[in-house]
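[1] just need the structure, nothing else, for what follows:
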Amino acid sequence: MMSSGALLLLLYLVVVVNSFSPRSIVFARRRAPGHYAVLLVDSLTISNSRGQRASNHILSALDDDEDEEASNDILGSSSCNVLGTPLTPCCANVRNTGVGTGFYRNGYCSTGEQDLGRHTVCVQVTDEFLAFSASVGNDLSTPIPEFMFPGLKSGDIWCLCAQRWAQAYNNGMAPKLFLQATHEKTLSHVPIEILKQYAIDVDESEAIESRLNKQRTMLDKLMDAE
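    Now for the predicted structure:
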């Protein structure tokens, strides 16, 4: 049974960690008299075109309902990236064309049942990659207005199919990517260790992972002391 002093320490830790990391929410759930389960979950955020963020309801992070999960993936902002934190926008306006990237053209590399190709990897393309992609039957340079596809040029940021990224990697032509904007479903095709080797945002991502690991360690120590 957790003492009143330990409980106060737990509640204090909840407040401190929440203020320390806006990306993560720590909360305690009472599971039996005198016993509390401590959970560390990523806060769900919604980002609009102005970059403003608002917290979504935390309980949705614990909801296993498939329909709701699919809806969250379509929104993009309620999905998780390969780091396990909220998915950030990839590109909301490709080359000032007014077109957002992603299967749903919402600027996120979100995915769902309709996205059979898993457009989940946020990449920055190069001329070399575009030439390779065309050579294997995936022309990404030619605009297709009926599909709101502007055609890509070197430097553009776009949500690439996970299998296409893996194909490019296997041929030594993989483009650089953004871990925080790459959907977690990518991990079904490519290990995180390989993705990190090509990450443009690797330093920031490692800092996020370090911060989350410290939070988990603090919580583990607290639970061990119970």
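[2] any idea how far apart the tips of stretch 157-165 sit?
    14 Å (Cα to Cα, to the nearest Å).
[3] all helices for the protein, in order.
    4-20, 66-75, 127-135, 162-170, 192-197, 202-224 (DSSP state H).
[4] list the buried residues of the fifth one.
    It refers to helix 192-197. Residues of helix 192-197 classed as buried by neighbour count (16 or more other Cβ atoms under 10 Å): 192, 195, 196. Placement of C-beta: from N, CA and C, glycine included.
[5] now do the second one against residue 104, distance only.
    Spatial separation of residue 195 from residue 104 under the definition Cβ to Cβ, to the nearest Å is 22 Å.
[6] OK, contacts around residue 171?
    Applying Cβ atoms under 8 Å, 6 or more residues apart in numbering, we find residue 171 in contact with 132, 136.
[7] and it, how far is that from residue 82?
    For residue 171 relative to residue 82 (Cβ to Cβ), the value is 22 Å.
[8] so where's this protein uncertain?
    For the chain, the stretches with pLDDT under 70 are 1-77, 226.
[9] pull the contacting residues for residue 185.
    111, 118, 120, 162.
[10] neighbours of the first one, how many?
    Going back to what we said before, that points to residue 111. Neighbour count for residue 111, taken as other Cβ atoms under 10 Å: 27.
[11] my guess is it meets residue 81, correct?
    No. Assessed by Cβ atoms under 8 Å, residue 111 is found out of contact with residue 81, at 11.9 Å.
[12] joint contacts of those two?
    residue 183.
[13] now for the residue nearest to residue 133 when sequence neighbours are not counted, how many residues are close by?
    The shortest distance from residue 133 to any residue other than its chain neighbours is 5.1 Å, reached at residue 140 (Cβ to Cβ, 6 or more residues apart in numbering). Residue 140 has 17 neighbouring residues, counting by other Cβ under 10 Å.
[14] still on that earlier bit, show me which of the contacts of residue 185 are buried.
    Buried among the contacts of residue 185 by 16+ other Cβ under 10 Å: 111, 118, 120, 162.
[15] the third one and residue 179 touch, don't they?
    By that I understand residue 120. No. Between residue 120 and residue 179 there is no contact under Cβ under 8 Å: 11.8 Å.
[16] OK, contacts around residue 120?
    Per Cβ under 8 Å, 6+ apart, neighbours of residue 120: 109, 110, 111, 159, 161, 162, 182, 183, 185, 186.
[17] find the nearest non-adjacent residue to it, please.
    residue 183 (3.7 Å).
[18] likewise for residue 142?
    Nearest non-adjacent residue to residue 142 (Cβ to Cβ, 6+ apart): residue 151, at 5.4 Å.
[19] for that neighbour, list the residues it contacts.
    140, 141, 142, 143, 144.
[20] kindly report the same for residue 136.
    Residues in contact with residue 136 (Cβ under 8 Å, 6+ apart) are 167, 171.
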